[in-house]
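Visitor: quick one: sequence and predicted model below, then my questions.
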Amino acid sequence: AAAEWVLEQMNSLVALKPIALVLKVFLQQRELNEVYTGGVGSYALLTMIIAHLYMHPSRFTNQEQRLDDNLGVLLLDFLELFGRKLNNMEVGVTVRDGGGFYRKRDCGMFNTERPFLFSIEDPQDKDNDIARSSFNSTKVRSAFDYAYQSLVAAEDQNDTPGSLLERLVRRDEVLCGRSCPEAPLILACPGGEDGELPIDEEEKTPKMELPKGVSRLPPGLIYQVGEAVNISESRKSKNRRKNRERMDEKPAEEGVL
């Protein structure tokens, strides 16, 4: 049942597959993708992405402003939500009723010994928390936060130009050895134009109305201000240090002591 549900979501949410692939590799390269090591498993990660796509603000505007094909914005907003904004100490995430949040204490999913754990409601069983064994949730959250800051940080003009994704995913032998798909992932749905869904698949997407779970919890409970190193400031300090080193290496001009 869970596999069928995931396949259904893959067919109805264009952005789900590419974002899931990037985040899966991102976590795998940091050894945070397996539940037995305290990471976030595939099912939990997919549920987090689906909930994010269900609740993304672009889905509550008109159809022309939807961001189903803007993978960069959707990925960045995911990293910001689960790396900085979400108050995972108090609330969990669900995909029921179009996506929403719930109070962990009210649903019996609050772990007094590990209150920092992510809480992700199983789409197939509302009483099952599929993230309860992810004891490295703090590391996962920190990794998402660092990835978000790396993407929004000011670019160093001295850096070698390349893809921004290289800040998140390194091109190792396993990744580079994979064959490329025949068609772009964003065009995986037959019958659609660039980033568009066929009419029959469009009807399967959640209705564009406010999720029921969001209105029950105040924003002050759902979100919190993340505490992390400011990557932009770190890059500026690094650049200043490089400039000082260059000045020290320059030979003194003739006639100048």
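Guide: That came in fine, so what should we check first?
Visitor: let me see the contact set for Gly162.
Guide: Neighbouring residues of Gly162 by Cβ atoms under 8 Å, 6 or more residues apart in numbering: there are none. Just so you know, the C-beta spots here come from the backbone N, C-alpha and C atoms, and that holds for glycine as well.
Visitor: look up how far Gln29 lies from it.
Guide: The gap separating Gly162 from Gln29 is 17 Å, by Cβ to Cβ, to the nearest Å.
Visitor: can you check Ser137 too?
Guide: Separation of Ser137 from Gln29 (Cβ to Cβ) stands at 18 Å.
Visitor: so which of the two has more stuff around it?
Guide: Higher neighbour count among Ser137 and Gln29: Ser137, with 22 against 16, using other Cβ atoms under 10 Å.
Visitor: pLDDT score assigned to the more buried one?
Guide: For Ser137, the model assigns a pLDDT of 94.
Visitor: wouldn't it be in contact with Ala143 here?
Guide: No. Ser137 is beyond contact range of Ala143, at 10.5 Å (criterion: Cβ atoms under 8 Å).
Visitor: give me the neighbour count for Asp97.
Guide: Neighbour count for Asp97, taken as other Cβ under 10 Å: 13.
Visitor: likewise Asn128?
Guide: With other Cβ under 10 Å as criterion, Asn128 counts 12.
Visitor: OK, contacts around it?
Guide: Glu121, Asp122.
Visitor: what residues sit buried inside the helix or strand harbouring it?
Guide: Using DSSP states H and E, Asn128 maps to strand 125-129. Buried residues in strand 125-129, counted by 16 or more other Cβ atoms under 10 Å: Asp129.
Visitor: just the C-alphas of the helix or strand that that strand is followed by, formatted as CSV.
Guide: Downstream of strand 125-129, the first helix or strand assigned by DSSP H and E is helix 137-152. C-alpha atoms of helix 137-152 as CSV (Å, rounded to 0.1, in the frame of the first residue of the first chain):
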residue,chain,number,x,y,z
SER,A,137,17.6,14.2,13.6
THR,A,138,19.7,17.1,15.0
LYS,A,139,22.5,16.2,12.5
VAL,A,140,20.0,16.0,9.6
ARG,A,141,18.5,19.3,10.6
SER,A,142,22.0,20.9,10.8
ALA,A,143,22.9,19.4,7.4
PHE,A,144,19.7,20.9,5.8
ASP,A,145,20.5,24.3,7.5
TYR,A,146,24.1,24.3,6.2
ALA,A,147,22.9,23.4,2.7
TYR,A,148,20.4,26.2,2.7
GLN,A,149,23.0,28.8,3.9
SER,A,150,25.5,27.5,1.3
LEU,A,151,23.0,28.1,-1.5
VAL,A,152,22.0,31.6,-0.5
